[in-house]
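In: Kindly return the folded structure for what I paste below:
(chains A and B)
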Amino acid sequence: MSFELLHAAADSNRWAAILPEVSLGCLALLLLVLEMVLPRAAHRAIPVVAIAGQTVLLALLLASFCCASGACGIGAYLGTETFNGLLLHTRDGQFMRVFFLLTSLLVSVLGVVSLGRRQLPRVEFFSIVLVIGGALMLLAQSNHFVMLFVALETVTVGFYILVSYFRTSALSLEAGLKYLITGALSSGLLLFGIVLLYGVSGNPLLIGSTDNGMHFGELRGFLAANPDNFLASLGIVLVLSGVCFKIGAFPFQIWVPDVYQGAPTPVTAYLAVGSKAAGFAILLILVHTAFAPYAGLVIPVLTVLAALTLVFGNLAALTQHNVKRLIGLSGVSHAGFLLLGVVASLHSTAAIGAVQFYLGGYLLASFAVFGVMTLLARADGADADAIQELDDYAGLAKTQPFLALVLVIGLGSLAGIPPLVGFMGKLFIFISAFQAELYGLLAVAVLGVVVSIYYYFGWVRAALFGEPDGASKTASADRAAAPVAAKAAALVAAEPASQPAPSWSIEFEEDTPLQNKGGSAAGVCVCTPVKWALGLLAAAVVFFGFYQGALGDWLLSR
Amino acid sequence: MSELPFDPLLLAILSPLAVALVIALGLPQRASVALACVGFGLPALLGLHTWYHFPSGLGAVAASGVGGAGGYAFQSFYDTGLSRFGIMLSLGLNGISMPLFAMAGVVGLAAGLYAIQSGAERLKTYLALLLVMQAGLMGVFASVDVFFFYFFHELALIPTFIMVGIWGGRDRHYAAMKLTIYLTLGAMLSLVGLIAIYVKSGAQTFDLIALRNALALQPLGESVQSYAFGLLMFGFGILVSLWPLHTWAPLGYGAAPSSAAMLHAGVLKKFGLYGLIQIALPLLPLGAAKWVGLLALLAAVGNVLVIGFVTMAQRDLKQMIGYSSVMHMGYAFLGIACLSTVGAGGVVLLMVAHGLSVALMFLLATSVHQRTQTFDMAEMGGLAQRAPVLAAFFVAATMAGIGLPGFANFWGELSIFVALWSFSKLFTVIAVAGIIISAIYGLRAVARVFFGSPSAQFTARVGGQPLADLGWAERLPALLLLGALLAVGFWPKSISEPVNDALQSTVSVAVSES
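Out: Purely as a prediction, here's the structure:
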């Protein structure tokens, strides 16, 4: 390729359009630099920098979002392709951008709590979370298979590290390995599908062939001209399969329970919300642009997947006692509801708004639940984070009424109980499905809701009605409170002495039992703001259930 | 209509919610109790206000032409951001909802007062949950928007689950779970039915008046009406304990704490019947015509006869009341099945009366339990000598339940029987036989609990200790309910006239046009 061609290709580069993503990347690098530059005592401030940076970015993004109609900010690029067609800036993309930035922000907050209790390197965690966040944001705006694949791989590789981040835990390492293998398989499927589509669309013997078959618009043109091409159909199915791995749709959900259980709780949250939403963002883009001419193939495939996912997710979650596995499998059923919305959106695009509303509600409620899980997770053993059982929640209402309230609101919203936001999401999906006349799927979904009540309320029941018994962690924490407090006091007293030791080295006093309801010395000061943040999330879940306001109107009107 | 400087309906919904929020934020116990009285009292006062000031002749105005207020008074609208989809917090009362709104206020106040004197563990949380439930109940009957009608029902349902699970009696965890799953299934079925009306009407609105106007111009096709009515009938039917989907009710009421049982059996359960009369009958007359045969059969044979006999066999006082409420719902279904103004009007009257009387029964049963430490009627006896006031109230409540003249229940049952006679003579005979059944179990309960000589177990348990009669803290809520029962019993016109007026313009118009 000659220099002129390159120059022409770079003509449409608009760096300002991806300023948020670039800033996230810079922030990630800044954290690494800070780790080298700052004295060790100041390292505690690095996560704060990450959180503050993301908060500022989120505020700026929202500000530019609000004047999206005007010429200022990112709104100026709406509807245009940049970077030689790699990116397409759309309204949906803007929403998902805010969504992913909020997700990575909340994961960082949870990360502070979770890592505060362990002797592990910290800064890298936040760097990777930021990089994944940036990649997710790009993913939601991709308009080209190259962009899509590179962004998706960035996300996946980041998750390979994060899933096995608790490297002293065998379960975390096992989860990392499982995620690596299934992730590689899904990437392979996706790539094979892309190659098939690229190859068949570049065949000069076919009508409408294009030399830019990776571009969604061009591909759409080709597919429209060749409605019944077998290779193209195969490619589409393979690409959808690859995406379904990310979503956790049946039968591509096999990795979900083990990986969700083994991964550190903040990472589980990232997988459950960020990775799943990413899958749906791409799915929506693909089925509405590139694959739109093949709706006759996509609709039955997704319909079958949605029905199977709903049935499997709900039935499998029924038998779980480990809350991380439970929420993982219930997440599979949420994928089913969302797939129902995607199928409905193929009949009427109004359903896209319903899917996005559902995702937004799912984000708020999920993080409320994951936040409580993170705060309650034990750290007194290598695998403690992975072994969070329903029984551990017995009597939570008596020992930690505030967290119990947040948990109940979050779970109620996930179960789709009015007046919480999760119900509104389900309602809009159901209305869209009814309008699309998907009666069979709707019946499955309704039964799914009833079944899901059983396991969600089983958890609520444990938290509200159970008696704190001797085996539960809260009681044991109380019992052990005196020695723990004494040890904490001793550690605080010995702080100057312990400073020179590298705080992350594994040899250094592995898994100090520092937590008492809140974590280490750092955790103590962290817990209260995190609780406030969780309270805010729960309040948002209730508020948006009652009142959707301009946001609901904006999302659902198209 | 007298002009208040505020919206009475919105205030009736928001005041319990606000009080619940303040209590939850950590008010001290005594202030919480005082504030809770306000939270329960205000909706009751506002309910009575709307009852007293309800304008007459609204239905005639509504029937005269499409549009306008559609027979509603006290109307107001609040945008919650979804007006584009025809979802709007639209409040108002018509002749059908007004009596139920007032009844919800009165029963709520009684339940609240009874909860305050109950001295339950963690009283503040208990009161806060009851208040949330009360807000939901007021909202159900004040909503003109079908979406919010559903929404408020669910809002009232969640506290029920929690209250049964925490403060409940025997088998409370199992009962809470069963209750929730059954009621969710019913709610989801009816939700799909409501969505069907929303989508298929083409009006893209949940506003009941707009829906009614749209469907008056262009009714739904027969098949759509048929399946939508079927969904609503079984969905609402589960919520109202239609046989054979009733099994959650006696279990749930048996386990529920008294105030929760009063509110649920008395008021919340009426949601389904109210939905059938207010929404399903006027909007889906063709569908109704197809299904009422089955509905009447299930109600007459299942709810009235089978459950009637089951009720007779109960030894547990609270279970008996729970089953009797399932049985009385059979009359309500029969009244709906008549598809006539008289029948539907009788159902509304019966709903009001049954709400008051069953709440009174649950209240008194708990008072009996406090004195005898058991619900088993075989282990009681002779209580009348030691607690005459309690006995008097209990006898009066039983008489009301049987449907003796002078109590509100009489008028409801009478109208239903009159309407039923022209619908089916066989079912009328069954229904009247049901009255005899309810007299048998009601009077037998009175005899076992209050008269005769105390059983050996009873003497052994509480023999030596002095046994207090009903105190004023318990008498006050009981008097409130009994007074309301008698007031409606002696002055049924105050309710029957607006009901009749509203039904003339909705149900009878729709049924005759089909």
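In: And the pLDDT at residue 510?
Out: Here I'm looking at chain A. In this model, A:Glu510 is scored at 33, pLDDT.
In: not quite, I wanted chain B
Out: 64.
In: can you check B:Leu350 too?
Out: On the pLDDT scale, B:Leu350 gets 89.
In: That one: neighbouring residues, count only.
Out: Residues lying near B:Leu350 (other C-beta atoms under 10 Å in any protein chain shown) number 28. The way it works is simple: take the backbone N, C-alpha and C, and place the C-beta from them, glycine included.
In: do the same with the one 10 residues further on
Out: Residues within reach of B:Leu360, counting by other C-beta under 10 Å, total 29.
In: can you check the one 10 residues further on too?
Out: The tally of other residues near B:Gln370 (other C-beta under 10 Å) stands at 14.
In: what do you get for the one 4 residues further on?
Out: As a burial measure, B:Thr374 scores 17 neighbours (other C-beta under 10 Å).
In: repeat for A:Phe543
Out: A:Phe543 has 16 nearby residues by other C-beta under 10 Å.
In: Could you confirm whether any residue of the one helix or strand it maps to contacts chain B?
Out: Assigned by DSSP states H and E, A:Phe543 falls within helix A:521-546. Yes: using C-beta under 8 Å from any C-beta of the partner chain, helix A:521-546 reaches chain B at A:Phe546.
In: Run through the neighbouring helices and strands of that helix.
Out: helix A:91-115, helix A:350-376, helix A:401-415, helix A:421-435, helix A:481-493 (3 or more C-beta pairs under 8 Å, 6 or more residues apart in numbering or on different chains; DSSP states H and E).
In: Mind putting those helices into CSV with mean pLDDT?
Out: Output for those, formatted as CSV (pLDDT from 0 to 100):
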stretch, mean pLDDT
helix A:91-115, 90
helix A:350-376, 91
helix A:401-415, 89
helix A:421-435, 89
helix A:481-493, 39
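In: Ok, which of those helices comes nearest B:Ala408?
Out: Proximity to B:Ala408 (C-beta to C-beta) singles out helix A:421-435 among the helices and strands packed on helix A:521-546, at 35.5 Å.
In: I'd like to know which elements the closest one is packed against.
Out: Helix A:421-435 packs on helix A:323-347, helix A:350-376, helix A:401-415, helix A:439-465, helix A:521-546, helix B:172-200, going by 3+ C-beta pairs under 8 Å, 6+ apart.
In: can you tell me which of those helices the model trusts least?
Out: Among the helices and strands packed on helix A:421-435, helix A:521-546 scores lowest, with a mean of 75.
In: Would you mind giving both backbone torsions of A:Asn84?
Out: Here is the backbone geometry of A:Asn84 (degrees, to the nearest 10): phi 60, psi 40.
In: For it, report the pLDDT, please.
Out: 83.
In: Would you mind measuring from the residue lying closest to it once chain neighbours are set aside to B:Met320?
Out: In this structure, A:Asn84 finds its nearest non-sequential neighbour in A:Ala9, 4.6 Å apart by C-beta to C-beta, 6 or more residues apart in numbering or on different chains. In this view, A:Ala9 and B:Met320 are 83 Å apart by C-beta to C-beta, to the nearest Å.
In: now A:His7
Out: 89 Å.
In: These two: which is more packed in?
Out: Between A:His7 and B:Met320, counted using other C-beta under 10 Å, the more crowded position is B:Met320 (25 against 9).
In: buried set for the helix or strand harbouring B:Ile23?
Out: Here B:Ile23, judged by DSSP H and E, is contained in helix B:8-24. The neighbour-count check on helix B:8-24 (16 or more other C-beta atoms under 10 Å in any protein chain shown) flags B:8-20, B:22-24 as buried.
In: Tell me the one of those residues nearest chain A?
Out: Proximity of the buried residues of helix B:8-24 to chain A (C-beta to the nearest C-beta) peaks at B:Ala24, which lies at 8.2 Å.
In: okay, now the nearest residue to that closest one once chain neighbours are set aside: neighbour count?
Out: Counting by C-beta to C-beta, 6+ apart, B:Ala24 lies nearest to B:Ala128, which is 5.0 Å off, once chain neighbours are set aside. Residues lying near B:Ala128 (other C-beta under 10 Å) number 25.
In: can you pull the contacts of B:Ala128?
Out: B:20, B:23-24 (C-beta atoms under 8 Å, 6 or more residues apart in numbering or on different chains).
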